[in-house]
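Novice: What shape does this take:
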Amino acid sequence: MVELGARYLDAAIGLLERLRDVELPTIDRAADRIAAALAEGGRLFVFGGGHSALAAQDVVYRAGGLILANPLIAPGNELTVRPITVSSAVEKLAELAGPVLDGAGVREGDALVVISLSGRNGLPVELARRARERGALVIGLTSVEASEAEPARHPSGTRVLDNCDIVLDTAIAVGDAALEVEGVPQRIGPTSGVVCSAVMQTLMVGVIGHLVSRGIEPPVFMSANIDGGNAWNERLLAEHADRIFYLR
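Specialist: Predicted coordinates:
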């Protein structure tokens with residue numbers, strides 16, 4: 001149905017236009033803070049719960065992307081787990097946050113981006129809370145509207161947005177799906193994937209730009225499908241090995 005497809009694209013484009021017109025200054029401020037942390041020797045980690053893990057993975061090991069973006073891995077959180085419903089259960093486990101942060105060695109001076117559309121589940125909330133307690137910069141990517149629409153699931157009664165230094169608001173509607181269609185009782189067309197990936201790529205581009213403004217040449221992946229790309233990437237991976245953890 002061309003009409004439905006057009007409606008979905010219009011909804012997604014509207015959210016992307018809002019990011020540009022409303023949220024971009026906050027994204028840039030977050031990028032500047034992350035760049036400052038990296039300039040001082042900090043490390044960068046990204047985490048997404050459930051489907052938000054896809055937006056986190058989108059900036060890791062990516063041609064044109066910042067080499068220093070490390071995935072923060074919680075076992076069972078990935079959508080490759082079987083049965084896939086385990087990922088929903090894992091996202092609620094606040095007690096898993098400590099071991100995950102310990103395993104990655106997140107410490108004072110690091111930066112962590114936590115992606116959670118609802119912002120209410122135990123694991124992303126506890127990751128944000130504990131990382132901030134350790135002295136890490138915490139950036140939360142969430143939907144303020146969706147997060148505030150439902151009760152918090154974390155024992156503290158707080159959400160991701162309550163445990164961050166900077167909140168990036170996607171403005172995704174409650175329930176994520178964008179379209180009402182006659183004959184379908186549930187709204188369809190989730191937009192969080194498009195919008196969260198756009199925010200993350202905008203954030204990383206901003207970090208790269210702010211590193212350059214500080215006189216630092218940012219390590220950026222070259223496509224391995226371009227002649228010379230492998231050699232370029234191998235050199236930078238070796239030069240920055242002390243802040244790269246996804247190869248170990």
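Novice: can you map out the helices along this structure?
Specialist: For the chain, the helices defined by DSSP state H cover 2-18, 24-39, 52-57, 86-90, 97-104, 122-133, 144-149, 192-213, 229-239.
Novice: And the contacts of the first one?
Specialist: Helix 2-18 has contacts (C-beta atoms under 8 Å, 6 or more residues apart in numbering) with 170, 171, 172, 178, 179, 181, 189, 191, 194, 195, 198. The C-beta positions use only the backbone N, C-alpha and C, and glycine is treated the same way.
Novice: Now for the first one: which residues touch it?
Specialist: I take that to be residue 170. Taking C-beta under 8 Å, 6+ apart as the contact definition, residue 170 lies against 15, 19, 117, 141, 142, 143, 192, 195, 196, 199.
Novice: Using pLDDT, spot the least trustworthy of the residues you listed.
Specialist: Within the set of the contacts of residue 170, pLDDT is lowest for residue 117 (92).
Novice: and the closest residue to that one other than its chain neighbours, how many neighbours does it have?
Specialist: Counting by C-beta to C-beta, 6 or more residues apart in numbering, residue 117 lies nearest to residue 192, which is 4.9 Å off, once chain neighbours are set aside. When counting by other C-beta atoms under 10 Å, one arrives at 25 neighbours for residue 192.
Novice: got it, and residue 96?
Specialist: A total of 19 residues lie near residue 96 under the criterion other C-beta under 10 Å.
Novice: same check, this time on residue 73
Specialist: 17.
Novice: Low-confidence ranges, the chain, go.
Specialist: Along the chain, segments meeting pLDDT under 70 span 1.
Novice: Give me the outermost residue of it relative to its centroid.
Specialist: Among the residues of the chain, the one whose C-alpha is farthest from the average of all C-alpha positions is residue 183, by C-alpha atoms, centre = their mean at 34.5 Å.
Novice: phi, psi of that one?
Specialist: Backbone torsions for residue 183, taken as degrees, to the nearest 10, come to phi 100, psi -10.
Novice: mind checking how far it is from residue 106?
Specialist: Taking C-beta to C-beta, to the nearest Å as the measure, residue 183 falls 48 Å from residue 106.
Novice: what do you get for residue 100?
Specialist: 9 Å.
Novice: what about residue 145, neighbour count?
Specialist: Burial of residue 145 is recorded as 13 neighbouring residues (other C-beta under 10 Å).
Novice: Including distance to residue 46, could the helices of the chain go into TSV?
Specialist: As requested, the helices of the chain are exported to TSV (distance: least, C-beta to C-beta, whole Å):
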stretch	distance to residue 46
helix 2-18	20
helix 24-39	10
helix 52-57	4
helix 86-90	17
helix 97-104	11
helix 122-133	11
helix 144-149	19
helix 192-213	7
helix 229-239	18
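Novice: how about those, which one is nearest residue 74?
Specialist: Closest to residue 74 of the helices of the chain is helix 97-104 (C-beta to C-beta; 4.9 Å).
Novice: what's that closest one in contact with?
Specialist: Counting by C-beta under 8 Å, 6+ apart, 45, 70, 72-74, 122-123, 126-127, 129-131, 134, 245 sit against helix 97-104.
Novice: Quick one: work out the angle between it and helix 122-133.
Specialist: For helix 97-104 and helix 122-133, the angle between their directions (axes from the mean of the first three to the mean of the last three C-alpha atoms, to 10 degrees) works out to 60 degrees.
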